[in-house]
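Visitor: Got a sequence here, can you build the structure:
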Amino acid sequence: MIAKILLSAILLTGSFLPIKEIQKKQFVYILRYSDEFKKQIRFGEKEQSVVREHLQYLRELMKEGNCYIAGRTTNFFDSTLFGVIVFDASNLEAAKEIMVNDPMIKNNIMVGELQPFSVVLFKQ
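Guide: Numbering: from 1, shown residues only. Model (predicted):
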């Protein structure tokens, strides 16, 4: 009986999420310079092009509604720099796919560490 009442309330108010949305989970990947790149941190034309591709990749994730936040520390030319991307994916395999397709990782400028994540507080 309670289930019928809840279902009726949801259908009447239209406040239900598509199944796709319910199935998404949150993840975070942390980007750090690769050991190879740390040896000689440089940002020539190739690296600048990869950074542009990386930013476009993150913009697309945001546009698709899958990315909550993307940012980095401000010590750009320091080997301790790291970036953080918090995003949605349907499962761990899909999350890995998102991470490994990041141009910074594909071009071995950075390596990623993926973890399940839960956004607890969010400033709007």
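
Visitor: how about the strands of this protein, start to end?
Guide: Assigned by DSSP state E, the strands in the chain fall at 25-33, 67-72, 82-89, 110-116.

Visitor: what's the closest of the ones you listed to Ser49?
Guide: Closest to Ser49 of the strands of the chain, according to CB to CB: strand 110-116, at 14.7 Å. Quick note: C-beta positions are derived from backbone N, CA and C, even for glycine.

Visitor: Lys39 - how many residues pack around it?
Guide: Here the number of neighbours of Lys39 (other CB atoms under 10 Å) works out to 10.

Visitor: now swap in the one 3 residues further on and tell me
Guide: Look at Arg42: counted by other CB under 10 Å, it has 9 neighbours.

Visitor: Can you add mean pLDDT and give the strands of the chain back as a markdown table?
Guide: Listed next are these as a markdown table, based on pLDDT from 0 to 100:
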| stretch | mean pLDDT |
| --- | --- |
| strand 25-33 | 97 |
| strand 67-72 | 94 |
| strand 82-89 | 97 |
| strand 110-116 | 97 |
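
Visitor: Include distance to Met99 and mean neighbour count when you put these into CSV, please.
Guide: Converted to CSV, the strands of the chain look like this (distance: least, CB to CB, whole Å; neighbours: other CB atoms under 10 Å):
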stretch, distance to Met99, mean neighbour count
strand 25-33, 4, 19
strand 67-72, 12, 15
strand 82-89, 8, 19
strand 110-116, 5, 16
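
Visitor: Which of those strands sits closest to Lys46?
Guide: Nearest of these (CB to CB): strand 110-116, 14.2 Å.
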